[in-house]
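1. Following is a predicted model, sequence given first.
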2 protein chains.
Amino acid sequence: MTNSMLLNQARQRLQSVAPLNLRVERVALQAALGRVLAESVVSQIDIPPADNSAMDGFALCYQDLQKTSELPISQRIPAGVKAQPLLAGTAARIFTGANIPAGADTVIIQENCEYDSERVRVMQTSTPMGANIRPKGQDITCHAQVAERGTKLTAVDLSLLASIGVHEVNVYEPLKVAIFSTGNELVEPGTPLQEGQIYNSNRALLMGLCAELDCQVVDCGIVEDTLEATKRALSDAAEQAHLILSSGGVSVGEEDHVRPALESLGSLDMWRVQIKPGKPVAYGKINNTYFLGLPGNPVSSFVVFQLLGVPLMQTLQAQNCKEPEYYSVLAGFDKPATKREEYIRVKLKRNERSELVAECFANSSSGVMSSLSWADGLVRHDIDQAIEKGKAVPFFPLKQAMM
Amino acid sequence: MTNSMLLNQARQRLQSVAPLNLRVERVALQAALGRVLAESVVSQIDIPPADNSAMDGFALCYQDLQKTSELPISQRIPAGVKAQPLLAGTAARIFTGANIPAGADTVIIQENCEYDSERVRVMQTSTPMGANIRPKGQDITCHAQVAERGTKLTAVDLSLLASIGVHEVNVYEPLKVAIFSTGNELVEPGTPLQEGQIYNSNRALLMGLCAELDCQVVDCGIVEDTLEATKRALSDAAEQAHLILSSGGVSVGEEDHVRPALESLGSLDMWRVQIKPGKPVAYGKINNTYFLGLPGNPVSSFVVFQLLGVPLMQTLQAQNCKEPEYYSVLAGFDKPATKREEYIRVKLKRNERSELVAECFANSSSGVMSSLSWADGLVRHDIDQAIEKGKAVPFFPLKQAMM
C-alpha cells in the first residue's frame, strides 16, 4: 500500500518507534566519544570541591586590610597542596587553583601587591571582599545531574564527566546498520565499466554517513537483481543488524525485487513523502530489524537519509535530540510556490552589507552528486510559499566550518 | 616576550605557518573518511557515462510520435544491460538508469502509457522531445576535477569519488597531537580526591576534540610540576608528535615550568590575545614540532582550542578551509561594549514570531564547564559594540543537530 504523506507525518511515525533493547556496555571514558549514554550521571562531589583561588596572589582576611596594608606571609599554598588555617593577621601566598585556607575570605592578585618571601604590601585597595575566589560547588553541586541518559557524548561531555571523577560510563552498543545496494547496472569502483553500467556511489555514501554517526556498518555489497538473491540478502542482513538501509530497487518497476522480498519476509509500507528530492520511501520490518529503503539516486538518497534515516536511527538508540536548527539567510534566487517541500542545494556568500546570501546550484537535477559536495547546506522551500530573492529563507548547514 | 594582539592577528600568524611534510598514504576509499586528500582527483569518465533514462517507461524517437501514438516494442532494456540501436518506428521498454538506445531521443514515463509486452500506446502527448533523459556527462565531464588536494573527506566526497570509479586515494598521514596537562592539583578520574586536588578534565577535553577532528592522539598524561619533568615530557612529546597541546602551566606564576622548559628546548612566544575567555596563549616550537599552550581553565581551553588550535592544525596538514560561518540570531540579553572580543555561551530558543533568540548562561564565570555542555553555541561580542536585546548578533553553532 502506498501512503502519501507530509514529511512531518513520516518523521513522527519514525520517531514514535520504540527504542531497541540495546546491550549496555561499560567503557573507559575516552572510549565513549560518540556513544550514547545508557544512564544518567549524577555528581558525587562539588565542583570545585572547595573554595579555591582564581588567580595567583595573596589570600587574606578582608577585615585585616582595613587595619593595615602590610601583612606577614605565614604560608605558601601552591595548587594541589593542603592549606593550613590562616594565622590571624597574616596572608598566604596562593596560586591559581589552590584551596583557600580557613580564615581567609579574599584573594588580592599579585599585580596589585609588592612582596618578598616574608611580607606583602597591598598597593590597591579597591578589591572587594570575596574577590578572586571560585566558591565550592560553583560549577556543579553534589548530587546534581551532569549528563542525561540518551546523550550522544561529545568531547565537552567527556570533559564534564572527567571533572566529577568519572572514568567509566555505561553506553549502548553501537547501532548496527546493514547497507546494501540493488541494481544490475551497479559496479564497485576499481572495476572497469561495461556499457550500461555505472559505479556504485551509494554504498560509499551510506557507509560514510553511518560511520560519521558512529554506527557500526555491516556491508552487504551490491545485491543481484533477482527475487531470490534479494530475499537472501535481506534475511542475512536482518540477522546481523538493527537496521537495514537499502538504496534503489524500491519502486513499482518490474525490475525491483526489494518490495516483494520484504513483503514475503516481513512487512513493508511504501510512503510517498511529499518532499523533493525524494521518491517513494520504503519502510518495513523483518523480525526485530527495521528496514528503510532510500531512493537509488544519490542526492535523493542523501536527503532522505538526513530527513528520515537519522531520526529513525536516533529513536532506535534512545538518543536525546534537539530539533534541527534552520538559520535565517537571504535567498539569492526566486522560486515559485510548490506543493512539495523542497530541499535546495545552496552555497553561502556574503553580500556588500555582509549578510549571508544563499545561491543555488545551476543544475537542479537530483542526479547531480557534485552539487552536494559543492553545497554549504540546504534551503528548505516550504509548501505553498514562493521564494523571493532578497527575502529570508530557512537554511540548514551541511558543512560545519570550525570557528 | 609577551605580545598583546587581536584574535585575527594571532590567527593569521598561525595560518601563515608552512604545512608539514606529512607522509602520503594510499588507502582504500572507505578508509579515507575524515582524512585530508593529498592529491587533486580528476575524473577519467563522464558521469553519467552515457545518456540514460531518468524514469521507467518507453524510449522512442520523438518524430515517430507525431505520426502515431502506438508503437511496437522492439526491445527491453533494464538498467545494466547493453542497449541495441532502436529499430525505426518502434519503442524500447526502458527502466530507470538504463542506457538510451541509439535512435531514441525521448522517454515517455509508463504512467502516461497503455502497454503490454508487444505494443505501447502513448496516452498523453505533452511530453517534450528529450524528456526524461539524463545526458552523458551531466554530473561530471571527463577530465573535470572532482576533489581538490587538501579536502578533508566527508561521506559525500567519498560518494562522489566512488561515482567516478575511484577505489583508493592518496591521503596525508593523520596529524599526531601530543596532549599533556600540568598542575600538581590534578588527579585522573577514577582516583580518590585528596584535599586541594581536582580531577583533570582537560585531558578528556583535548583528547576528545582531537579525536573528533580525526587526529592521532599521543597521551602524555599529567606532567609533574618540576622543571626537569616538564622538559623531559616536552622533548619526549616533540619526538612523537607534530603538535603538542598543553593546558595550564603557562603564566608568569612561580609554579609554572612550561615556559622555562620550552625556552630551554626551543622557542616560545607568549601571546596576550584580546579575547574572553582566554588567558595568555603560549606558542612555540621544539625542533619541527609545534607547541600551543592553552589556558588551564577548561572553558578557556575549549574556546582557545577552537579559535587558534583548529586553524593551526588545519594549516599544518594543508587542509582547505572555509571561513567559519556565523549566523545571525537575535540577542536575548544586553551587554555593554568591551575592549576584548568575547565569546558568550548561549542556548537558542524560538520567540513567538519563530525567530531564533540567543539566551546566555546565568553564570558567566569561565570556570563553569557545565555551561559548555549546556550551550548550543557561542555569540561573538565584537570589540567596542554593545549588545542590545532584540538586535542581531553573530552566532556560531557548537552542536550540529541533524536535519
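-> All right, it came through fine.
2. Just give me the neighbour total for the residue of the stretch 201-350 of chain A at minimum distance from chain B.
-> At 2.7 Å from chain B, A:G208 is the closest residue in the stretch 201-350 of chain A, using CB to the nearest CB. Where C-beta positions appear, they are placed from N, C-alpha and C, glycine not excepted. Neighbourhood size, A:G208 [other CB atoms under 10 Å in any protein chain shown]: 24.
3. what do you get for the one 5 residues further on?
-> Counted by other CB under 10 Å, the residues lying close to A:L213 total 21.
4. ok so, going back, distance-wise, check the residue of the stretch 201-350 of chain A closest to chain B relative to B:P135.
-> Shown here: A:G208 relative to B:P135, a distance of 28 Å by CB to CB, to the nearest Å.
5. Now do the helix or strand harbouring A:Y283: everything it contacts.
-> A:Y283 is located in strand A:281-286, with elements delineated by DSSP states H and E. Outside strand A:281-286, the residues that touch it by CB atoms under 8 Å, 6 or more residues apart in numbering or on different chains are A:10, A:13-14, A:234-235, A:238, A:244, A:246, A:250, A:258-259, A:262, A:265-271, A:273, A:290-295, A:304, A:308.
6. can you rerun that using 6 Å?
-> Contacts with strand A:281-286, where a contact means CB atoms under 6 Å, 6 or more residues apart in numbering or on different chains, come from A:238, A:250, A:262, A:265-271, A:273, A:291-293, A:304.
7. Please apply the same query to stretch A:56-74.
-> Applying CB under 6 Å, 6+ apart, the external contacts of stretch A:56-74 come out as A:87, A:89-96, A:100, A:104-110, A:113, A:118-122, A:129, B:253.
8. Could you report the distance from the residue lying closest to A:V223 once chain neighbours are set aside to B:S201?
-> The shortest distance from A:V223 to any non-neighbouring residue, by CB to CB, 6 or more residues apart in numbering or on different chains, is to A:A233 (4.3 Å). Distance, A:A233 to B:S201, using CB to CB: 46 Å.
9. Which residues of the stretch 201-350 of chain A lie near chain B?
-> With CB under 6 Å from any CB of the partner chain as the criterion, the stretch 201-350 of chain A meets chain B at residues A:201, A:204-205, A:207-209, A:211-212, A:253, A:255, A:298, A:306-307, A:310, A:322, A:324-325, A:327.
10. roughly how far apart are the residue nearest in space to the middle of chain A and chain B?
-> The residue lying closest to the centre of chain A (CA atoms, centre = their mean) is A:K152, at 6.8 Å. In this view, A:K152 and chain B are 10 Å apart by CB to the nearest CB, to the nearest Å.
11. Is that residue bridged to anything, and to what?
-> Here A:K152 sits in beta bridges with A:V36, going by DSSP bridges.
12. correct me, but it touches A:A38?
-> No: judged on CB atoms under 6 Å, A:K152 makes no contact with A:A38 at a distance of 11.6 Å.
13. so what's A:V218 closest to, chain neighbours aside?
-> Nearest to A:V218 is A:A178, by CB to CB, 6+ apart, at 4.1 Å.
14. I'd like the average pLDDT over the longest helix along chain A.
-> Longest helix in chain A, counting residues (DSSP state H): helix A:227-240. Across helix A:227-240, the average pLDDT comes to 94.
15. same question, stretch A:258-273
-> pLDDT averaged over stretch A:258-273 gives 91.
16. give me the low-pLDDT residue ranges for the stretch 301-403 of chain A?
-> For the stretch 301-403 of chain A, residues meeting the criterion pLDDT under 70 lie at A:364-367, A:401-403.
17. isn't A:Y326 right up against A:F396?
-> Yes: using CB under 6 Å, A:Y326 is in contact with A:F396, at 5.3 Å.
18. thinking again about what came up before, which of the contacts of stretch A:56-74 fall in strands?
-> A:91-94, A:106-109, A:113, A:119-122 (DSSP state E).
19. What helix or strand is A:T125 located in?
-> Applying DSSP H and E, one finds A:T125 in no helix or strand.
20. List the backbone torsions phi and psi for it.
-> Main-chain torsions, A:T125, degrees, to the nearest 10: phi -110, psi 10.
21. How is chain A divided into domains?
-> Chain A resolves into domains spanning A:2-22+A:174-316, A:25-45+A:144-172, A:52-134, A:327-397 when parsed by automatic domain parsing.
22. Distance across the third one, terminal residue to terminal residue?
-> For domain A:52-134, the first-to-last residue distance is 5 Å (CA to CA, to the nearest Å).
23. one step back: take the contacts of strand A:281-286 and keep only those in strands.
-> Those of these lying in strands (DSSP E): A:267-271, A:273, A:291-293.
24. got TSV for those, with neighbour count too?
-> Below are those laid out as TSV (neighbours: other CB atoms under 10 Å in any protein chain shown):
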residue	neighbour count
A:S267	11
A:L268	21
A:D269	14
A:M270	18
A:W271	22
A:V273	24
A:F291	25
A:L292	23
A:G293	28
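25. List the single closest residue to A:G190 in space, sequence neighbours excluded.
-> A:G190 sits nearest to B:H167 (CB to CB, 6+ apart), 3.4 Å away.
26. got a pLDDT number for the one you found?
-> If you check B:H167, the pLDDT there is 97.
27. any idea how far it lies from B:L158?
-> Taking CB to CB, one finds B:H167 at 11 Å from B:L158.
28. Now do the shared contacts for those two.
-> Between them, B:H167 and B:L158 share the contacting residues B:L29, judged by CB under 6 Å, 6+ apart.
29. So for the two, which sits in the more crowded spot?
-> Neighbour count, other CB under 10 Å: between B:H167 and B:L158, B:L158 has more, with 28 against 15.
30. if we look at the helix or strand where the more buried one lies, which residues are touching it?
-> Using DSSP H and E, B:L158 sits within helix B:155-163. Residues from elsewhere that reach helix B:155-163, judged by CB under 6 Å, 6+ apart: A:189, A:199, A:201, A:204-205, A:208-209, A:212, A:298, A:369, A:372-373, B:29, B:47, B:146-147.
31. Take the residues you listed and keep only those in helices.
-> Of the positions in the contacts of helix B:155-163, A:204-205, A:208-209, A:212, A:298, A:372-373 sit in helices, assigned by DSSP H.
32. that older thread, and which of the contacts of strand A:281-286 is nearest to A:Q317?
-> Of all the contacts of strand A:281-286, A:Q317 sits closest to A:L292, with 14.7 Å by CB to CB.
33. Please list all residues in contact with that closest one.
-> The contact partners of A:L292, by CB under 6 Å, 6+ apart, come to A:245, A:283, A:309.
34. contacting residues for the last one?
-> Residues touching A:G309, when contacts are defined by CB under 6 Å, 6+ apart, comprise A:L292.
35. For it, give me the backbone phi and psi.
-> Main-chain torsions, A:G309, degrees, to the nearest 10: phi -60, psi -50.
36. so how far is A:S181 from it?
-> A:G309 is 15 Å from A:S181, by CB to CB.
37. How about A:Q9?
-> Taking CB to CB, one finds A:Q9 at 28 Å from A:S181.
38. same thing with A:A358?
-> 32 Å.
39. same check, this time on A:L316
-> With distances taken as CB to CB, A:L316 is found 22 Å from A:S181.
40. out of those two, which sits in the more crowded spot?
-> Neighbour count, other CB under 10 Å: between A:L316 and A:S181, A:S181 has more, with 25 against 20.
41. can I get the CA coordinates of stretch A:267-274 in PDB?
-> What follows is stretch A:267-274, C-alpha atoms only, in PDB (Å, rounded to 0.1, in the frame of the first residue of the first chain):
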ATOM      1  CA  SER A 267       6.200  -6.200   6.400                       C
ATOM      2  CA  LEU A 268       6.500  -3.200   4.200                       C
ATOM      3  CA  ASP A 269       4.800   0.200   3.700                       C
ATOM      4  CA  MET A 270       5.500   2.400   0.700                       C
ATOM      5  CA  TRP A 271       5.500   6.000   1.600                       C
ATOM      6  CA  ARG A 272       5.100   8.700  -1.000                       C
ATOM      7  CA  VAL A 273       6.600  11.500   1.100                       C
ATOM      8  CA  GLN A 274       5.800  15.000  -0.300                       C
END
